[in-house]
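[1] what follows is a predicted protein model with its sequence.
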Amino acid sequence: MNSVTIHSSDTVLIDICGTVFDSNTTFDFLDEFLRQSSYARFRRLSRTVIWRAISKSFALLRGTDLTRYIAVRYLRDIPRQQLVEAADRFCESVLRHKVKVRTIETIEQYRRQGYRLVLASATLDFIAEAVARWLSIDTFFGSELSYTVGGNCRGLIVKDRLGHKLQAVKDYQIALPVAVTITDNLSDIDILRMSDRVWIVAPENMRRHWLSLLKKNRLTNFSFL
């Protein structure tokens with residue numbers, strides 16, 4: 001997406017994973033797309049208690065999701081166009097069955113009112129692009145992968161938006177504060193502090209945790225979806 005100045009009165013930031021869809025779109029896509037036996041073995045390992053402990057420690061030390069980092073390596077040498085086309089099919093075959101209806105209804109309400117919709121996600125860039133196309137939203141960002149001059153994926157994330165969406169908002173020259181943010185992601189709290197209105201997508205068992213975080217940050221301009 002090219003940088004473009006967007007004024008706060010126009011902007012609704014929308015998370016994707018867990019917000020628009022009941023899905024971790026990165027891993028749901030990779031699990032659907034990748035057929036290597038080594039990837040299947042890695043995914044079984046990644047679900048073990050020991051691996052999760054290692055991954056959590058790595059995240060605390062390095063600020064990186066180790067499981068995600070390794071999984072993306074399996075995309076090496078795959079043409080970006082092939083990934084985009086696969087992501088388009090993924091939207092139709094998988095994500096359309098995981099839509100959160102109340103979120104979509106809220107998005108459409110803001111669309112009708114003339115707000116500028118922006119998908120603000122940490123999912124992989126080609127998935128964010130496909131979701132944006134599927135939802136007819138022009139402006140989006142995701143975690144950016146590295147590609148060769150010929151357009152093949154290098155299997156590396158060069159700009160990770162996981163926990164860094166506020167920086168992405170600044171990178172894309174989206175004016176702050178934004179009018180609205182819709183998210184289920186606790187790590188988006190820095191963006192919520194820069195939002196005039198907040199919609200939290202959270203099940204009942206997460207709301208007490210959310211309320212504690214919102215109170216700690218003195219945020220009162222929120223509602224649950």
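    Everything's here; your move.
[2] list phi and psi for the residue of the chain most remote from its centre.
    In the chain, the greatest distance from the average C-alpha position (CA atoms, centre = their mean) is reached by Ser37, at 26.9 Å. Dihedral pair for Ser37: phi -60, psi -30, per degrees, to the nearest 10.
[3] check what pLDDT it gets.
    The score at Ser37 is 96. That number is its pLDDT.
[4] and it, how far from Asp190?
    Relative to Asp190, Ser37 is positioned 40 Å away (CB to CB, to the nearest Å). (C-beta placed from N, C-alpha, C; glycine too.)
[5] and Glu105, how many neighbours?
    10 (other CB atoms under 10 Å).
[6] ignore the last one, Ile16
    The number of residues packed near Ile16 is 28, by other CB under 10 Å.
[7] now for Cys17, how many residues are close by?
    Using other CB under 10 Å, Cys17 is surrounded by 21 other residues.
[8] and what of Ile189?
    By other CB under 10 Å, the residues close to Ile189 number 17.
[9] which of the helices or strands spans it?
    Assessed by DSSP states H and E, Ile189 sits inside helix 189-192.
[10] just the mean pLDDT for the next helix or strand after that helix, thanks.
    Tracing the chain past helix 189-192, the next element assigned as helix or strand by DSSP H and E is strand 195-200. Mean pLDDT, strand 195-200: 96.
[11] check stretch 12-31 too.
    97.
[12] now the end-to-end length of it.
    This stretch, stretch 12-31, spans 30 Å end to end (CA to CA, to the nearest Å).
[13] packing partners of the strand or helix carrying Ala179?
    Using DSSP H and E, Ala179 maps to strand 178-183. On a contact count with 3 or more CB pairs under 8 Å, 6 or more residues apart in numbering; DSSP states H and E, strand 178-183 meets strand 11-14, helix 101-112, helix 189-192, strand 195-200.
[14] lowest confidence element among the helices and strands of the protein?
    When each helix and strand of the chain is scored by mean pLDDT, DSSP states H and E, helix 49-62 comes last, with a mean of 87.
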